[in-house]
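1. kindly return the folded structure for what I paste below:
(2 chains)
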2 protein chains.
Amino acid sequence: MNGVCVVGMGTTEFGVHEEGIAELGVTAVGRALRSSGVDRDDVDALYLGNFVAGMLEGQETLAPLVADSVGLTGIPTMKTEGACASSGIAFRQAYQAIRTGIHDVVVVTGVERMTNAETPEFTRALGSAADHGTDGATGLTFPGFYGLVLDRYMHEYGATREQVAAVSVKNRENGASNPRARFRSPVTVDDVVDSRLVADPLRLYDCCPAADGGAAVVLASADVAESFTDRPISVLGSGHATGRSAAYRYDDLTTLEATTLAAEEAYETAELSPDDVDVVELHDCFSAAEIGDSEDLGFFEKGEGATAVAEGRTAVDGEIPINPSGGLLSKGHPVGATGIGQIYEVCLQLLGDHENQVDDAEVGLAHNLGGSGAVSTVTVLGGPSHV
Amino acid sequence: MNGVCVVGMGTTEFGVHEEGIAELGVTAVGRALRSSGVDRDDVDALYLGNFVAGMLEGQETLAPLVADSVGLTGIPTMKTEGACASSGIAFRQAYQAIRTGIHDVVVVTGVERMTNAETPEFTRALGSAADHGTDGATGLTFPGFYGLVLDRYMHEYGATREQVAAVSVKNRENGASNPRARFRSPVTVDDVVDSRLVADPLRLYDCCPAADGGAAVVLASADVAESFTDRPISVLGSGHATGRSAAYRYDDLTTLEATTLAAEEAYETAELSPDDVDVVELHDCFSAAEIGDSEDLGFFEKGEGATAVAEGRTAVDGEIPINPSGGLLSKGHPVGATGIGQIYEVCLQLLGDHENQVDDAEVGLAHNLGGSGAVSTVTVLGGPSHV
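-> From the prediction side, this is the model:
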């Protein structure tokens, strides 16, 4: 098996963009290619993660369109979709193609444009990540799903509303210094618990904002990585797993097995454990999600996640810094772009170049989750010394 | 590199279905699994090709949903999209995963549900396969694109309207005996050239119908294939390439380089040439497409395709039988299901079980094409004696 490295990366700001969705991809891919030193002739394939460009932009077939627009015709291209994990999956496919020697250099991008949509079409588009025939038919939305998750979590483990609000407070504080974030203003615990009720017990500041954005990385086999950059990031491990597609199918809503299984595979391929991880970007689509994810990824025991965040153990200078980028709660969640956006933030940390730099960050983890715990990818990355 | 085999397959009829899109996938996958002798515990991954379930059914995240519904949780799942080549791409990814030893057994399915859509939403959905910002903005539809292609072809090579109509006549005759086809009634050359004008010079019977459907195959490494079935079909070669995403980007509309490049790769991996192929299922979304495809795939010289079909050289008993299933023109084109549907038909031929059986068919080719020649996959398959 070949080693796999990130040799270049590019992103747009996550926020409100006037450009069309293809242009967001073109911008991100162009920046990634320029930062990588890779020529177009070196690129063997382009994979693109996207969720709802069809529904919101009337534009499918984005992978060949972005490829053709940046001068990468001829090569294999595809869009991968797994709701909010769409570009985590694209990354995973590229990793496997390089690891097994199918390709030497693959461009992976994720794109989404959402903020120009009217509320009904926006709600319908997001709802397409759930099982339309069961959860959808009962009116269960994603805030509704995570409201149920949080209710059950508080009941099982005695977490308080204020502890959960600490996730939003931490991530909004981190996001305030991230120029790629949509929201850059801090909030207090009182702001969170007094904000508008969305889906009991979740309130407005427990929920990540929509955003438009594109992010891209250039992956290369370790053999050739150093011919492109003197600071390659190593992909140490990867996991990808499917869980339940509807709320009624869960025995226990406080654990999402897509995450636990993807994490298990990622740690196993990396030959590392959660204790080895220095910095984490995980899928905080809601404050409640970060708490569950932090346990499912093995950083805390079940039931310990809420107290951990409230005690500052996941702060930038804490024992296991989680979402120093501000996470989805600050950056926003341009769905198809989020997975690569997370990997971008982790790579910046491992290069020592992040605005909220974690001291001595050598191993990072990115966790992407789609649907009602339907599908997840976990990626473990190592700094230049690991190549 | 491991050998890769088709060890099971299943399909729904392509036509008008009342079931939801997930159910079409569940039916196809269930049939494929039952025909394969593969247990659910043996399955390592599920890949699903789909184009516009979001736009037309409000349902994305179909891969984990279908997997969860058939009892295949835990494993990696993803949807691949490349317009009309969506499930050809899913097949390609599964082939590569088995070939390189990542997985031993992968289920690949393709699904689409279209016939319940109203005309405006249907037109918008199909249009999402083109570049929305260029071709789409000028009002160019897919019949319009292939009308331009045919106009240019007739101009360049002197083909007649009647020769082109012979494609529809042949495919509708073949489809008449295919129980999986939406249209099962023959048409004459006069019927075609007198049918309603759609996009000059294309008329109604030059255009494939929409359809609902699901198709699935179970792929396994050659090492384990014979433990599941005594009649495995061998995947001898595979190609996947990107072409131009908008009409204005072509130098020559009569050749689609996505197809020529994918075919080149497929023949190269199979170590075969067009002369070795006994039966072909190719992407006849329009009569004009079949003629161009038959040349781009190397079966005829440029400009020879129209006379070849008119002379019966591509009939079931011709020198190179093309679309003995009736093709998209008869079966219908449930977009995301078409690629696997084509592979299903080729496999039936190689097993000697097809309703329009080609004598001594040992090597077959399936060609799937998405967008305005944006992306294509080509698969070369060999009968049980090739394993």
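2. how about the strands in the stretch 1-150 of chain A?
-> Ranges of strands within the stretch 1-150 of chain A are A:4-11, A:45-49, A:77-81, A:105-112, based on DSSP state E, counting those that start in this stretch.
3. quick one, which of those strands gets closest to chain B.
-> strand A:77-81 (4.2 Å; Cβ to the nearest Cβ). Any C-beta I mention is one placed from the backbone N, CA and C, and that applies to glycine too.
4. which residue does the stretch 251-387 of chain A have closest to chain B?
-> For the stretch 251-387 of chain A, Cβ to the nearest Cβ, closest residue to chain B: residue A:374, 3.9 Å.
5. ugh, wrong one, chain A
-> residue A:100 (3.4 Å).
6. what's the spacing between that residue and residue A:3?
-> Using Cβ to Cβ, to the nearest Å, residue A:100 is found at 12 Å from residue A:3.
7. likewise residue A:180?
-> 28 Å.
8. the two: which is more packed in?
-> Taking other Cβ atoms under 10 Å in any protein chain shown, residue A:180 and residue A:3 do not tie; residue A:180 has more neighbours (23 against 17).
9. and the more buried one, how far is that from residue B:210?
-> Distance from residue A:180 to residue B:210, by Cβ to Cβ: 42 Å.
10. re earlier: for the nearest residue to the residue of chain A closest to chain B once chain neighbours are set aside, give me phi and psi.
-> Using Cβ to Cβ, 6 or more residues apart in numbering or on different chains and skipping residues adjacent in sequence, the residue nearest residue A:100 is residue B:100, 3.4 Å away. Per-residue torsions, residue B:100: phi -100, psi 0 (degrees, to the nearest 10).
11. quick one: residues contacting residue B:100.
-> The neighbours of residue B:100, taking Cβ atoms under 8 Å, 6 or more residues apart in numbering or on different chains as the test, are A:96, A:100-102, B:1-2.
12. swap in residue A:160?
-> A:154, A:306.
13. quick one on the thing from earlier: so the residue of the stretch 251-387 of chain A closest to chain B makes contact with residue B:68?
-> Yes. Between residue A:374 and residue B:68 there is a contact under Cβ atoms under 8 Å: 7.3 Å.
14. joint contacts of the two?
-> A:242-245.
15. sorry, back to before: redo the strands of the stretch 1-150 of chain A as CSV? Include mean pLDDT and distance to chain B.
-> Converted to CSV, the strands of the stretch 1-150 of chain A look like this (pLDDT from 0 to 100; distance: least, Cβ to the nearest Cβ, whole Å):
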stretch, mean pLDDT, distance to chain B
strand A:4-11, 98, 13
strand A:45-49, 98, 8
strand A:77-81, 98, 4
strand A:105-112, 98, 12
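16. a markdown table for those, including distance to residue B:198 and mean neighbour count?
-> A markdown table is the format used below for the strands of the stretch 1-150 of chain A (distance: least, Cβ to Cβ, whole Å; neighbours: other Cβ atoms under 10 Å in any protein chain shown):
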| stretch | distance to residue B:198 | mean neighbour count |
| --- | --- | --- |
| strand A:4-11 | 43 | 26 |
| strand A:45-49 | 32 | 29 |
| strand A:77-81 | 28 | 33 |
| strand A:105-112 | 33 | 32 |
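17. compare those strands and report which one is nearest to residue B:256.
-> Closest to residue B:256 of these is strand A:77-81 (Cβ to Cβ; 14.7 Å).
18. what does the stretch 201-350 of chain A put close to chain B?
-> A:240-246, A:249, A:257-258, A:261 (Cβ under 8 Å from any Cβ of the partner chain).
19. quote the end-to-end distance of stretch A:218-233.
-> End-to-end distance of stretch A:218-233 (Cα to Cα, to the nearest Å): 11 Å.
20. that should have said stretch A:67-79, apologies.
-> For stretch A:67-79, the end-to-end distance is 11 Å (Cα to Cα).
21. which of the residues in that stretch are buried?
-> A:67-70, A:72-79 (16 or more other Cβ atoms under 10 Å in any protein chain shown).
22. and the least confident of those residues?
-> For those, the least confident position by pLDDT is residue A:73, scoring 92.
23. show me the contacts for that residue.
-> Contacts of residue A:73 by Cβ under 8 Å, 6+ apart are A:67, B:242-244, B:257.
24. please repeat the previous calculation with a cut-off of 7 Å.
-> Going by Cβ atoms under 7 Å, 6 or more residues apart in numbering or on different chains, residue A:73 touches A:67, B:242-244.
25. in strands, which of these appear?
-> With strands taken from DSSP state E, the overlap with the contacts of residue A:73 comprises residue B:242.
26. quick one: buried ones out of the contacts of residue A:73?
-> If we count by 16+ other Cβ under 10 Å, these have these buried: A:67, B:242-244.
27. if I look at the residue positioned nearest the centre of chain A, what pLDDT would I see?
-> Closest residue to the average C-alpha location of chain A: residue A:339 at 3.3 Å, with Cα atoms, centre = their mean. With respect to pLDDT, residue A:339 scores 98.
28. tell me the buried residues in the helix or strand where it lies?
-> According to DSSP states H and E, residue A:339 maps onto helix A:335-350. Residues A:335-350 are the ones in helix A:335-350 that count as buried (16+ other Cβ under 10 Å).
29. identify the farthest-apart pair in these.
-> A:335 and A:350 (24.8 Å).
30. close to chain B: what parts of the stretch 51-200 of chain A are there?
-> Contact residues (Cβ under 7 Å from any Cβ of the partner chain) of the stretch 51-200 of chain A with chain B: A:51-52, A:54-55, A:57-61, A:63-65, A:67-68, A:73-83, A:89, A:93, A:96-97, A:100-102, A:124, A:127-129, A:131-133.
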